[in-house]
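J.: model the structure of this input:
(2 chains)
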Amino acid sequence: MLTTQVLYALAGCVIVALGLRGALLHASLLQRIVAINVMGAGVFLLLIAVAYRGPGLAPDPVPHALVLTGIVVAVSATALALALARRLHAEQGDD
Amino acid sequence: MNPVSLLVFDALLLLSIVGLAWASLATSDIRRGVILFMAFGLVLAVAWGRLLAPDVALAEAAIGAGLSGALLLAAAHTQPRPLPPESTNTPRNHGAVGVVLRWAVTLLCTALAGTLAWALLHVFSSTPHDMLPGAISANLAASGVSNPVTAVLLNFRAYDTLLEMAVLLTAVLGIFTLGQANPGYQPAGPVFDGLVRWLVPVLILTAGYLLWVGAHAPGGAFQAGAMLAAAGVVLRLAGRTRIGLPEGFMLRLVMAAGVGLFLLVGLTLLILGRPFLGYPQAWAGTLILMIETAAMLSIAATLVLAFLGGRPEATGVKAAANRQCEEIPRC
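T.: Residues are numbered from 1 along each chain as shown, chains lettered A, B, ... in the order given. As a prediction, the model looks like this:
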(Lines give C-alpha, C1' and ligand atoms only; values in the text may rest on other atoms or scores of the structure.)
Protein backbone atom coordinates (compact mmCIF):
# COMPACT_ATOMS: atom_id res chain seq x y z
CA MET A 1 0.00 0.00 0.00
CA LEU A 2 1.40 3.38 -1.00
CA THR A 3 1.21 6.06 1.70
CA THR A 4 0.82 8.84 -0.88
CA GLN A 5 -2.08 7.10 -2.56
CA VAL A 6 -3.86 6.47 0.75
CA LEU A 7 -3.34 10.04 1.98
CA TYR A 8 -4.72 11.66 -1.17
CA ALA A 9 -7.62 9.21 -1.41
CA LEU A 10 -8.61 9.87 2.22
CA ALA A 11 -8.50 13.63 1.57
CA GLY A 12 -10.78 12.96 -1.41
CA CYS A 13 -13.27 11.18 0.90
CA VAL A 14 -13.26 14.14 3.31
CA ILE A 15 -13.84 16.62 0.47
CA VAL A 16 -16.75 14.55 -0.93
CA ALA A 17 -18.38 14.57 2.53
CA LEU A 18 -17.76 18.33 2.99
CA GLY A 19 -19.27 19.06 -0.43
CA LEU A 20 -22.33 16.89 0.20
CA ARG A 21 -22.90 18.52 3.57
CA GLY A 22 -22.69 21.97 2.00
CA ALA A 23 -25.04 21.02 -0.83
CA LEU A 24 -27.61 19.72 1.65
CA LEU A 25 -27.40 22.50 4.24
CA HIS A 26 -26.89 25.73 2.29
CA ALA A 27 -29.90 27.87 1.51
CA SER A 28 -28.37 29.86 -1.33
CA LEU A 29 -28.54 28.14 -4.72
CA LEU A 30 -25.18 29.57 -5.72
CA GLN A 31 -23.52 28.13 -2.64
CA ARG A 32 -25.13 24.79 -3.31
CA ILE A 33 -23.65 24.85 -6.81
CA VAL A 34 -20.21 25.62 -5.34
CA ALA A 35 -20.70 22.76 -2.86
CA ILE A 36 -21.54 20.30 -5.62
CA ASN A 37 -18.42 21.41 -7.46
CA VAL A 38 -16.35 20.79 -4.32
CA MET A 39 -17.92 17.34 -4.05
CA GLY A 40 -17.00 16.64 -7.67
CA ALA A 41 -13.42 17.73 -7.00
CA GLY A 42 -13.32 15.21 -4.15
CA VAL A 43 -14.37 12.44 -6.53
CA PHE A 44 -11.65 13.54 -8.96
CA LEU A 45 -9.08 13.41 -6.18
CA LEU A 46 -10.19 9.85 -5.34
CA LEU A 47 -9.88 8.74 -8.96
CA ILE A 48 -6.47 10.32 -9.52
CA ALA A 49 -5.21 8.81 -6.24
CA VAL A 50 -6.39 5.37 -7.39
CA ALA A 51 -4.54 5.89 -10.70
CA TYR A 52 -1.24 6.73 -8.93
CA ARG A 53 1.29 3.91 -9.04
CA GLY A 54 4.24 5.39 -7.19
CA PRO A 55 7.15 7.71 -8.01
CA GLY A 56 8.75 7.03 -11.36
CA LEU A 57 5.98 4.69 -12.51
CA ALA A 58 3.50 5.64 -15.23
CA PRO A 59 0.04 6.13 -13.68
CA ASP A 60 -3.09 4.45 -15.05
CA PRO A 61 -4.32 6.76 -17.87
CA VAL A 62 -7.95 5.58 -17.76
CA PRO A 63 -8.94 7.44 -14.55
CA HIS A 64 -7.04 10.49 -15.90
CA ALA A 65 -9.20 10.45 -19.02
CA LEU A 66 -12.31 9.99 -16.87
CA VAL A 67 -11.41 12.98 -14.71
CA LEU A 68 -10.68 15.17 -17.76
CA THR A 69 -14.12 14.30 -19.12
CA GLY A 70 -15.53 14.90 -15.66
CA ILE A 71 -14.02 18.38 -15.39
CA VAL A 72 -15.54 19.46 -18.70
CA VAL A 73 -18.94 17.92 -17.88
CA ALA A 74 -18.85 19.55 -14.43
CA VAL A 75 -18.26 23.01 -15.87
CA SER A 76 -21.09 22.62 -18.40
CA ALA A 77 -23.44 21.33 -15.69
CA THR A 78 -22.41 24.28 -13.50
CA ALA A 79 -23.13 26.69 -16.34
CA LEU A 80 -26.59 25.18 -16.88
CA ALA A 81 -27.31 25.24 -13.14
CA LEU A 82 -26.26 28.91 -12.96
CA ALA A 83 -28.49 29.79 -15.92
CA LEU A 84 -31.38 27.98 -14.20
CA ALA A 85 -30.69 29.83 -10.94
CA ARG A 86 -30.58 33.16 -12.76
CA ARG A 87 -33.89 32.44 -14.45
CA LEU A 88 -35.38 31.38 -11.12
CA HIS A 89 -34.31 34.68 -9.54
CA ALA A 90 -35.75 36.58 -12.50
CA GLU A 91 -39.08 34.73 -12.17
CA GLN A 92 -39.29 35.25 -8.42
CA GLY A 93 -38.19 38.81 -9.08
CA ASP A 94 -39.35 41.24 -6.45
CA ASP A 95 -40.99 39.13 -3.81
CA MET B 1 13.62 15.01 -2.66
CA ASN B 2 13.87 12.66 0.28
CA PRO B 3 10.76 10.76 1.42
CA VAL B 4 10.32 12.70 4.66
CA SER B 5 10.24 16.16 3.08
CA LEU B 6 7.92 14.79 0.40
CA LEU B 7 5.58 13.51 3.10
CA VAL B 8 5.62 16.95 4.77
CA PHE B 9 4.82 18.50 1.38
CA ASP B 10 1.91 16.06 0.89
CA ALA B 11 0.57 16.81 4.36
CA LEU B 12 0.74 20.58 3.83
CA LEU B 13 -0.83 20.32 0.38
CA LEU B 14 -3.69 18.14 1.61
CA LEU B 15 -4.27 20.36 4.64
CA SER B 16 -4.59 23.41 2.39
CA ILE B 17 -6.88 21.55 -0.03
CA VAL B 18 -9.24 20.32 2.69
CA GLY B 19 -9.00 23.66 4.51
CA LEU B 20 -9.87 25.65 1.37
CA ALA B 21 -12.77 23.30 0.57
CA TRP B 22 -14.10 23.76 4.08
CA ALA B 23 -13.56 27.53 4.06
CA SER B 24 -15.24 28.01 0.67
CA LEU B 25 -18.36 26.30 2.02
CA ALA B 26 -18.35 27.66 5.57
CA THR B 27 -18.48 31.35 4.67
CA SER B 28 -21.83 33.07 4.38
CA ASP B 29 -20.42 35.60 1.89
CA ILE B 30 -21.00 34.10 -1.55
CA ARG B 31 -18.27 36.08 -3.31
CA ARG B 32 -15.71 35.10 -0.72
CA GLY B 33 -16.84 31.48 -1.09
CA VAL B 34 -16.39 31.60 -4.86
CA ILE B 35 -12.91 33.13 -4.61
CA LEU B 36 -11.88 30.51 -2.05
CA PHE B 37 -13.27 27.85 -4.40
CA MET B 38 -11.04 29.20 -7.19
CA ALA B 39 -8.04 29.03 -4.85
CA PHE B 40 -9.09 25.47 -3.98
CA GLY B 41 -9.06 24.58 -7.70
CA LEU B 42 -5.58 26.05 -8.20
CA VAL B 43 -4.10 24.21 -5.21
CA LEU B 44 -5.81 21.07 -6.47
CA ALA B 45 -3.96 21.52 -9.78
CA VAL B 46 -0.71 21.28 -7.78
CA ALA B 47 -1.98 17.99 -6.32
CA TRP B 48 -2.63 16.67 -9.84
CA GLY B 49 0.96 17.55 -10.69
CA ARG B 50 2.14 15.72 -7.56
CA LEU B 51 0.13 12.60 -8.56
CA LEU B 52 1.72 12.64 -12.05
CA ALA B 53 -1.44 13.77 -13.83
CA PRO B 54 -0.26 16.82 -15.84
CA ASP B 55 -3.15 16.57 -18.34
CA VAL B 56 -5.63 16.88 -15.49
CA ALA B 57 -3.59 19.65 -13.86
CA LEU B 58 -3.79 21.76 -17.04
CA ALA B 59 -7.53 21.19 -17.38
CA GLU B 60 -8.15 21.89 -13.69
CA ALA B 61 -6.23 25.15 -13.70
CA ALA B 62 -7.90 26.36 -16.91
CA ILE B 63 -11.43 24.99 -16.48
CA GLY B 64 -11.96 23.87 -12.89
CA ALA B 65 -10.46 26.94 -11.28
CA GLY B 66 -10.44 29.49 -14.12
CA LEU B 67 -13.64 29.23 -16.11
CA SER B 68 -15.83 27.73 -13.36
CA GLY B 69 -14.60 30.52 -11.13
CA ALA B 70 -15.40 33.15 -13.78
CA LEU B 71 -18.89 31.70 -14.24
CA LEU B 72 -19.56 31.59 -10.50
CA LEU B 73 -18.13 35.07 -9.88
CA ALA B 74 -20.27 36.53 -12.66
CA ALA B 75 -23.30 34.82 -11.11
CA ALA B 76 -22.39 36.06 -7.62
CA HIS B 77 -22.05 39.56 -9.05
CA THR B 78 -25.53 39.51 -10.60
CA GLN B 79 -27.04 38.01 -7.45
CA PRO B 80 -30.07 40.28 -6.97
CA ARG B 81 -29.58 41.00 -3.28
CA PRO B 82 -27.23 39.54 -0.69
CA LEU B 83 -29.16 37.37 1.72
CA PRO B 84 -29.09 38.42 5.38
CA PRO B 85 -26.24 36.64 7.17
CA GLU B 86 -28.39 34.60 9.52
CA SER B 87 -30.28 32.95 6.66
CA THR B 88 -27.40 32.24 4.27
CA ASN B 89 -25.48 29.67 6.23
CA THR B 90 -28.32 27.33 7.02
CA PRO B 91 -31.97 27.81 6.32
CA ARG B 92 -32.98 25.45 9.06
CA ASN B 93 -31.00 26.81 11.95
CA HIS B 94 -33.97 28.19 13.83
CA GLY B 95 -35.04 26.01 16.72
CA ALA B 96 -34.11 22.59 18.01
CA VAL B 97 -35.28 20.73 14.89
CA GLY B 98 -32.84 22.75 12.79
CA VAL B 99 -29.93 21.88 15.06
CA VAL B 100 -30.90 18.19 15.07
CA LEU B 101 -31.19 18.16 11.28
CA ARG B 102 -27.81 19.85 10.90
CA TRP B 103 -26.17 17.26 13.09
CA ALA B 104 -27.99 14.43 11.36
CA VAL B 105 -26.74 15.62 7.96
CA THR B 106 -23.20 16.05 9.32
CA LEU B 107 -23.32 12.54 10.78
CA LEU B 108 -24.63 11.13 7.50
CA CYS B 109 -21.85 12.80 5.52
CA THR B 110 -19.23 11.56 7.99
CA ALA B 111 -20.64 8.04 7.61
CA LEU B 112 -20.41 8.40 3.84
CA ALA B 113 -16.78 9.50 4.04
CA GLY B 114 -16.03 6.59 6.35
CA THR B 115 -17.66 4.04 4.06
CA LEU B 116 -15.84 5.45 1.04
CA ALA B 117 -12.52 5.37 2.88
CA TRP B 118 -13.14 1.79 4.05
CA ALA B 119 -13.96 0.66 0.49
CA LEU B 120 -10.87 2.39 -0.88
CA LEU B 121 -8.54 0.93 1.74
CA HIS B 122 -9.97 -2.46 0.84
CA VAL B 123 -9.11 -1.81 -2.83
CA PHE B 124 -5.61 -0.56 -1.99
CA SER B 125 -4.78 -3.51 0.26
CA SER B 126 -5.62 -6.05 -2.45
CA THR B 127 -2.96 -6.67 -5.10
CA PRO B 128 -3.48 -4.31 -8.05
CA HIS B 129 -4.36 -6.01 -11.32
CA ASP B 130 -3.04 -3.77 -14.04
CA MET B 131 -4.94 -5.28 -16.93
CA LEU B 132 -6.22 -2.01 -18.35
CA PRO B 133 -2.98 0.03 -18.19
CA GLY B 134 -1.16 -2.99 -19.61
CA ALA B 135 -3.57 -3.22 -22.54
CA ILE B 136 -3.19 0.52 -23.17
CA SER B 137 0.60 0.53 -23.24
CA ALA B 138 0.56 -2.59 -25.45
CA ASN B 139 -1.73 -0.92 -28.01
CA LEU B 140 -0.48 2.65 -27.71
CA ALA B 141 1.58 2.41 -30.90
CA ALA B 142 -1.57 1.55 -32.88
CA SER B 143 -3.62 4.43 -31.46
CA GLY B 144 -2.19 7.17 -33.68
CA VAL B 145 -0.94 9.26 -30.71
CA SER B 146 1.70 8.66 -28.06
CA ASN B 147 0.08 10.46 -25.10
CA PRO B 148 -1.80 7.63 -23.32
CA VAL B 149 -4.49 10.00 -21.97
CA THR B 150 -5.27 11.32 -25.46
CA ALA B 151 -5.25 7.73 -26.76
CA VAL B 152 -7.86 6.76 -24.16
CA LEU B 153 -9.99 9.87 -24.77
CA LEU B 154 -9.97 9.89 -28.55
CA ASN B 155 -9.38 6.28 -29.51
CA PHE B 156 -9.83 3.52 -26.92
CA ARG B 157 -12.71 5.23 -25.14
CA ALA B 158 -13.81 7.58 -27.93
CA TYR B 159 -17.42 6.72 -27.08
CA ASP B 160 -17.08 8.57 -23.77
CA THR B 161 -15.75 11.69 -25.44
CA LEU B 162 -18.46 11.56 -28.12
CA LEU B 163 -21.11 11.43 -25.40
CA GLU B 164 -19.31 14.17 -23.50
CA MET B 165 -19.56 16.43 -26.54
CA ALA B 166 -23.28 15.60 -26.64
CA VAL B 167 -23.56 16.58 -22.95
CA LEU B 168 -21.86 19.91 -23.71
CA LEU B 169 -24.24 20.56 -26.60
CA THR B 170 -27.24 19.70 -24.42
CA ALA B 171 -26.03 22.03 -21.67
CA VAL B 172 -25.55 24.95 -24.05
CA LEU B 173 -28.96 24.33 -25.65
CA GLY B 174 -30.44 24.35 -22.15
CA ILE B 175 -28.75 27.69 -21.47
CA PHE B 176 -30.12 29.03 -24.77
CA THR B 177 -33.69 28.12 -23.85
CA LEU B 178 -33.41 29.99 -20.54
CA GLY B 179 -33.09 33.44 -22.02
CA GLN B 180 -30.86 36.16 -23.39
CA ALA B 181 -27.21 36.68 -22.52
CA ASN B 182 -26.19 38.82 -19.55
CA PRO B 183 -25.70 42.47 -20.38
CA GLY B 184 -22.09 43.16 -21.35
CA TYR B 185 -19.52 45.05 -19.33
CA GLN B 186 -18.34 48.66 -19.52
CA PRO B 187 -15.45 49.22 -21.95
CA ALA B 188 -12.20 48.64 -20.07
CA GLY B 189 -9.72 51.33 -19.18
CA PRO B 190 -6.49 51.74 -21.19
CA VAL B 191 -4.38 49.47 -18.96
CA PHE B 192 -6.71 46.46 -19.10
CA ASP B 193 -7.42 47.12 -22.77
CA GLY B 194 -3.68 47.11 -23.47
CA LEU B 195 -3.32 43.86 -21.56
CA VAL B 196 -6.16 42.31 -23.56
CA ARG B 197 -4.40 43.18 -26.82
CA TRP B 198 -1.43 41.13 -25.66
CA LEU B 199 -3.30 38.41 -23.85
CA VAL B 200 -5.79 37.34 -26.51
CA PRO B 201 -3.23 36.47 -29.24
CA VAL B 202 -1.12 34.62 -26.65
CA LEU B 203 -4.17 32.62 -25.53
CA ILE B 204 -5.07 31.71 -29.11
CA LEU B 205 -1.48 30.68 -29.81
CA THR B 206 -1.39 28.60 -26.61
CA ALA B 207 -4.65 26.92 -27.62
CA GLY B 208 -3.18 25.92 -30.97
CA TYR B 209 -0.01 24.64 -29.27
CA LEU B 210 -1.94 22.60 -26.69
CA LEU B 211 -4.12 21.08 -29.41
CA TRP B 212 -1.09 20.03 -31.44
CA VAL B 213 1.06 18.86 -28.55
CA GLY B 214 -1.77 16.76 -27.07
CA ALA B 215 -0.84 13.92 -29.39
CA HIS B 216 2.42 13.20 -27.57
CA ALA B 217 2.53 15.31 -24.40
CA PRO B 218 0.08 16.72 -21.85
CA GLY B 219 -2.53 18.82 -23.64
CA GLY B 220 -5.39 18.22 -26.04
CA ALA B 221 -8.78 19.47 -27.12
CA PHE B 222 -10.15 20.20 -23.65
CA GLN B 223 -7.24 22.30 -22.49
CA ALA B 224 -7.01 24.05 -25.87
CA GLY B 225 -10.77 24.73 -25.88
CA ALA B 226 -10.49 26.22 -22.40
CA MET B 227 -7.69 28.54 -23.58
CA LEU B 228 -9.75 29.75 -26.56
CA ALA B 229 -12.74 30.25 -24.26
CA ALA B 230 -10.55 32.24 -21.88
CA ALA B 231 -9.70 34.57 -24.78
CA GLY B 232 -13.44 35.10 -25.36
CA VAL B 233 -14.10 35.69 -21.66
CA VAL B 234 -11.25 38.20 -21.42
CA LEU B 235 -12.61 40.10 -24.45
CA ARG B 236 -16.06 40.09 -22.87
CA LEU B 237 -14.69 41.38 -19.55
CA ALA B 238 -12.93 44.17 -21.43
CA GLY B 239 -16.33 45.33 -22.65
CA ARG B 240 -15.88 44.32 -26.29
CA THR B 241 -19.08 43.56 -28.17
CA ARG B 242 -17.32 41.27 -30.64
CA ILE B 243 -15.69 38.43 -28.76
CA GLY B 244 -14.86 36.06 -31.59
CA LEU B 245 -18.13 34.15 -31.55
CA PRO B 246 -19.72 33.68 -34.96
CA GLU B 247 -23.40 34.56 -35.36
CA GLY B 248 -26.52 32.78 -36.54
CA PHE B 249 -26.03 29.60 -38.52
CA MET B 250 -22.25 29.63 -38.16
CA LEU B 251 -22.57 29.74 -34.37
CA ARG B 252 -24.86 26.71 -34.40
CA LEU B 253 -22.43 24.93 -36.71
CA VAL B 254 -19.50 25.59 -34.33
CA MET B 255 -21.55 24.50 -31.33
CA ALA B 256 -22.42 21.19 -33.00
CA ALA B 257 -19.04 20.68 -34.73
CA GLY B 258 -17.54 18.47 -32.01
CA VAL B 259 -20.33 15.95 -31.76
CA GLY B 260 -21.10 16.30 -35.50
CA LEU B 261 -17.65 15.49 -36.84
CA PHE B 262 -17.24 12.71 -34.27
CA LEU B 263 -20.49 11.09 -35.44
CA LEU B 264 -19.62 11.63 -39.08
CA VAL B 265 -16.28 9.87 -38.66
CA GLY B 266 -17.89 7.05 -36.67
CA LEU B 267 -20.69 6.48 -39.16
CA THR B 268 -18.37 6.69 -42.18
CA LEU B 269 -16.17 4.03 -40.63
CA LEU B 270 -19.27 1.95 -39.96
CA ILE B 271 -20.28 2.20 -43.62
CA LEU B 272 -16.76 1.21 -44.67
CA GLY B 273 -17.17 -1.98 -42.66
CA ARG B 274 -15.10 -1.05 -39.64
CA PRO B 275 -16.38 -0.88 -36.06
CA PHE B 276 -17.95 2.43 -34.95
CA LEU B 277 -15.03 4.83 -34.29
CA GLY B 278 -12.55 2.02 -35.00
CA TYR B 279 -10.01 4.10 -36.92
CA PRO B 280 -7.73 2.41 -39.45
CA GLN B 281 -4.23 2.55 -37.98
CA ALA B 282 -2.69 4.59 -40.80
CA TRP B 283 -5.39 7.28 -40.45
CA ALA B 284 -5.78 7.30 -36.69
CA GLY B 285 -3.46 10.27 -36.02
CA THR B 286 -5.07 12.47 -38.69
CA LEU B 287 -8.62 11.55 -37.70
CA ILE B 288 -7.88 12.24 -34.02
CA LEU B 289 -6.41 15.67 -34.86
CA MET B 290 -9.49 16.52 -36.99
CA ILE B 291 -11.92 15.44 -34.30
CA GLU B 292 -9.90 17.27 -31.64
CA THR B 293 -9.91 20.48 -33.69
CA ALA B 294 -13.70 20.36 -34.04
CA ALA B 295 -14.05 19.43 -30.37
CA MET B 296 -11.82 22.35 -29.35
CA LEU B 297 -13.98 24.83 -31.28
CA SER B 298 -17.19 23.39 -29.81
CA ILE B 299 -15.80 23.39 -26.27
CA ALA B 300 -14.58 26.98 -26.62
CA ALA B 301 -17.92 28.16 -28.04
CA THR B 302 -19.84 26.31 -25.32
CA LEU B 303 -17.75 27.77 -22.51
CA VAL B 304 -17.99 31.32 -23.88
CA LEU B 305 -21.76 30.95 -24.31
CA ALA B 306 -21.92 29.60 -20.76
CA PHE B 307 -20.15 32.74 -19.58
CA LEU B 308 -22.61 34.90 -21.53
CA GLY B 309 -25.35 32.99 -19.71
CA GLY B 310 -27.86 32.86 -22.58
CA ARG B 311 -28.45 33.47 -26.27
CA PRO B 312 -25.93 36.07 -27.42
CA GLU B 313 -27.44 39.36 -28.47
CA ALA B 314 -27.37 39.73 -32.23
CA THR B 315 -26.33 42.97 -33.87
CA GLY B 316 -28.62 45.01 -36.11
CA VAL B 317 -32.31 45.94 -36.22
CA LYS B 318 -33.60 42.65 -34.87
CA ALA B 319 -31.24 42.97 -31.92
CA ALA B 320 -32.66 46.36 -31.00
CA ALA B 321 -36.15 44.86 -31.06
CA ASN B 322 -35.01 42.02 -28.88
CA ARG B 323 -33.45 44.38 -26.39
CA GLN B 324 -36.72 46.32 -26.15
CA CYS B 325 -38.45 43.00 -25.73
CA GLU B 326 -36.32 42.23 -22.72
CA GLU B 327 -37.66 45.24 -20.85
CA ILE B 328 -41.12 43.69 -20.86
CA PRO B 329 -41.20 40.48 -18.83
CA ARG B 330 -42.32 37.31 -20.65
CA CYS B 331 -42.31 39.06 -24.00
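
J.: check which element follows the worst-scoring helix or strand of chain B on mean pLDDT along the chain.
T.: Every helix and strand in chain B was compared by mean pLDDT, DSSP states H and E; the lowest is helix B:85-88, with a mean of 48. Per DSSP states H and E, the first helix or strand lying C-terminal to helix B:85-88 is helix B:95-125.

J.: domains of chain B?
T.: What automatic domain parsing lists as the domains of chain B is B:1-80, B:95-121, B:145-331.

J.: quick one: low-confidence parts of chain A?
T.: Segments of chain A classed as low confidence (criterion: pLDDT under 70) are A:1, A:94-95.

J.: centroid residue for it?
T.: Chain A has A:Gly40 as the residue nearest its centroid, 1.4 Å off, counting by CA atoms, centre = their mean.

J.: wasn't that one part of a helix?
T.: Yes - counting by DSSP: H, G, I helix; E, B strand; the rest coil, A:Gly40 falls inside a helix.

J.: which residues does it contact?
T.: A:19, A:70, A:74 (CB atoms under 8 Å, 6 or more residues apart in numbering or on different chains). Backbone N, C-alpha and C define where each C-beta goes, glycine included.

J.: show me which of those are buried.
T.: Neighbour counting by 16 or more other CB atoms under 10 Å in any protein chain shown classes A:19, A:70, A:74 among the contacts of A:Gly40 as buried.

J.: columns secondary structure on top of the residues you listed, output as TSV?
T.: TSV is the format used below for the buried ones among the contacts of A:Gly40 (three-state DSSP):
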residue	secondary structure
A:Gly19	helix
A:Gly70	helix
A:Ala74	helix
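
J.: near chain B, from these?
T.: Near chain B, taking CB under 8 Å from any CB of the partner chain as the test, the members of the buried ones among the contacts of A:Gly40 found are A:19, A:74.

J.: redo the buried ones among the contacts of A:Gly40 as JSON lines? Include distance to A:Phe44.
T.: Listed next are the buried ones among the contacts of A:Gly40 as JSON lines, based on distance: CB to CB, whole Å:
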{"residue": "A:Gly19", "distance to A:Phe44": "11"}
{"residue": "A:Gly70", "distance to A:Phe44": "6"}
{"residue": "A:Ala74", "distance to A:Phe44": "9"}
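
J.: how deep is B:Arg50 tucked in, by neighbour count?
T.: Using other CB atoms under 10 Å in any protein chain shown, B:Arg50 has 18 neighbouring residues.

J.: so it makes contact with B:Leu7?
T.: No - B:Arg50 is beyond contact range of B:Leu7, at 11.7 Å (criterion: CB atoms under 8 Å).

J.: helix, strand or coil for B:Thr127?
T.: Of the three states, B:Thr127 takes coil according to three-state DSSP.

J.: one more: B:Gly278?
T.: When classified by three-state DSSP, B:Gly278 comes out as coil.

J.: for the closest residue to it other than its chain neighbours, give me the pLDDT.
T.: Leaving aside its sequence neighbours, B:Gly278 sits nearest to B:Leu269 (CB to CB, 6 or more residues apart in numbering or on different chains; 6.0 Å). For B:Leu269, the pLDDT comes out at 93.

J.: for B:Leu269, list the residues it contacts.
T.: If a contact means CB under 8 Å, 6+ apart, then B:Leu269 has B:275-280 as its contacts.

J.: quick check on those: which are buried?
T.: Buried subset of those (neighbour count, 16+ other CB under 10 Å): B:277, B:279.

J.: out of the contacts of B:Leu269, flag the one nearest to chain A.
T.: Comparing the contacts of B:Leu269 against chain A with CB to the nearest CB places B:Leu277 closest, at 14.7 Å.

J.: wait, A:Ala81 touches A:Ile33, no?
T.: Yes - A:Ala81 is within contact range of A:Ile33, at 5.1 Å (criterion: CB under 8 Å).

J.: give me the more crowded residue out of those two.
T.: Taking other CB under 10 Å, A:Ala81 and A:Ile33 do not tie; A:Ile33 has more neighbours (25 against 20).

J.: shaky segments in chain B?
T.: Within chain B, the ranges that satisfy pLDDT under 70 run B:1, B:79-95, B:128-129, B:314-331.

J.: pick out the residue nearest the middle of it.
T.: Closest to where the C-alpha atoms of chain B average out (CA atoms, centre = their mean) is B:Ile63, at 4.0 Å.

J.: now do the contacts for that residue.
T.: A:71-72, A:75, B:222, B:226, B:303.

J.: which one of the residues you listed is nearest A:Phe44?
T.: The shortest approach to A:Phe44 among those belongs to A:Ile71, at 7.1 Å (CB to CB).

J.: now do the contacts for that closest one.
T.: A:44, B:56, B:59-60, B:63-64, B:222.

J.: I'd like the residues you listed written out as TSV, with secondary structure and distance to B:Val254 added.
T.: As requested, the contacts of A:Ile71 are exported to TSV (DSSP: H, G, I helix; E, B strand; the rest coil; distance: CB to CB, whole Å):
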residue	secondary structure	distance to B:Val254
A:Phe44	helix	28
B:Val56	helix	26
B:Ala59	helix	21
B:Glu60	helix	25
B:Ile63	helix	18
B:Gly64	helix	23
B:Phe222	helix	16
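
J.: make a markdown table out of these and add distance to B:Ala141.
T.: Shown next, in a markdown table, are the contacts of A:Ile71 (distance: CB to CB, whole Å):
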| residue | distance to B:Ala141 |
| --- | --- |
| A:Phe44 | 29 |
| B:Val56 | 24 |
| B:Ala59 | 25 |
| B:Glu60 | 29 |
| B:Ile63 | 30 |
| B:Gly64 | 32 |
| B:Phe222 | 24 |
